[in-house]
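Peer 1: Fold the following, please.
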Amino acid sequence: MNLEEIINDSIKYPSSNWEKVLLLGVILAGFIFILPIILFFGYLFRIMKSTIYGANDLPDFDHPKEIFIDGLKVIFVVVAYSIPVWIISLFYYFLVGSTYIALDASIFAGLWSLIFGNTVLTISVAMVGLMEVMALANMAYYQGDLKAAFDFKEILNYISIIGWKKYVISYVLIMLIALTMFAIGFWSLSIFIGIIILPLLIAPYLTMFGSRAIALLFTYAVTEAPK
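Peer 2: So this is what the prediction gives:
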């Protein structure tokens, strides 16, 4: 399956059952509470699992305990992978402060610190994002085994099979499509109906699209991996 097929499949995928899209939207609408967020991530993880194992329809919302546990695992992995970014961020703010003090807060010092720090942060966030989604896909492949999310050798191997260039392009394209759709949805907030459509349909649709696309990309890597 090439990139165009993955994108086309993933765009059509959520529309196979709008009731489930709406149900996920209702869950997402309760984002200020912990339980709905955990269930939200758990269901997206279920989409990845079902996709990797060949399903073409949206999975059911049955076995809520399993969805809840999977959601906790996803949050744990996301937080764990975010630690390097936090460390770099702290180092960046420390560097900015130290530079300002050492160079008497000159304009050049501030500009250099801003450019350097933001560049490093952007690169680190991008690298973590690329690794993180593939880690979640690998965990889905191993039916929720947390250790699989931190098997860096295997994760990097799958990315190499896809090809770093193709993987980065795919990742960026998926993000751009999602952001474009979200921007359209956000613009629709200017009309009353947009207040309902964005959280209940557009947001869950986009997350389903992203989960499906990443899972299909991972499935390609698994299929092409040497036996």
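
Peer 1: For Val21, give its distance to Glu5.
Peer 2: 22 Å (C-beta to C-beta, to the nearest Å). Where you see a C-beta, it was placed from the backbone N, CA and C, and this is true even at glycine.

Peer 1: These two - which one has more neighbours?
Peer 2: Val21 (20 against 11; other C-beta atoms under 10 Å).

Peer 1: ok, that one - contacts?
Peer 2: Applying C-beta atoms under 8 Å, 6 or more residues apart in numbering to Val21 gives the contacts Pro14, Ser15, Leu58, Leu201, Pro204, Tyr205, Met208.

Peer 1: three-state assignment of Gly54?
Peer 2: Three-state assignment for Gly54 (DSSP: H, G, I helix; E, B strand; the rest coil): coil.

Peer 1: burial of it, as a residue count?
Peer 2: Applying other C-beta under 10 Å, we find 7 residues neighbouring Gly54.

Peer 1: residues touching it, list them.
Peer 2: When the contact criterion is C-beta under 8 Å, 6+ apart, Gly54 has no partners at all.

Peer 1: start the count at 39, not 1, going forward
Peer 2: Right, with 39 as the first residue, what we last looked at is Gly92.

Peer 1: per-residue confidence at it?
Peer 2: Note on Gly92: pLDDT of 94.

Peer 1: Same question for the one 5 residues further on.
Peer 2: pLDDT, Pro97: 96.

Peer 1: Verify the contact between it and Ile85 for me.
Peer 2: Yes. Using C-beta atoms under 8 Å, Pro97 is in contact with Ile85, at 6.2 Å.

Peer 1: neighbour count winner among the two?
Peer 2: Remark: of Pro97 and Ile85, Ile85 carries more neighbours, 25 against 17, as counted by other C-beta under 10 Å.

Peer 1: quick one: the closest residue to the more buried one other than its chain neighbours from Leu96, how far?
Peer 2: Spatial nearest neighbour of Ile85, excluding adjacent residues (C-beta to C-beta, 6 or more residues apart in numbering): Ser249 at 4.3 Å. Applying C-beta to C-beta, the value for Ser249 to Leu96 is 10 Å.

Peer 1: Mutual contacts of the two, please.
Peer 2: Looking at what touches both Ser249 and Leu96 (by C-beta under 8 Å, 6+ apart), the common residues are Ile85.

Peer 1: more neighbours, these two?
Peer 2: Legend: neighbour count by other C-beta under 10 Å for Ser249 and Leu96, higher for Ser249 (27 against 24).

Peer 1: any idea which helix or strand carries the more buried one?
Peer 2: helix 241-262 (DSSP states H and E).
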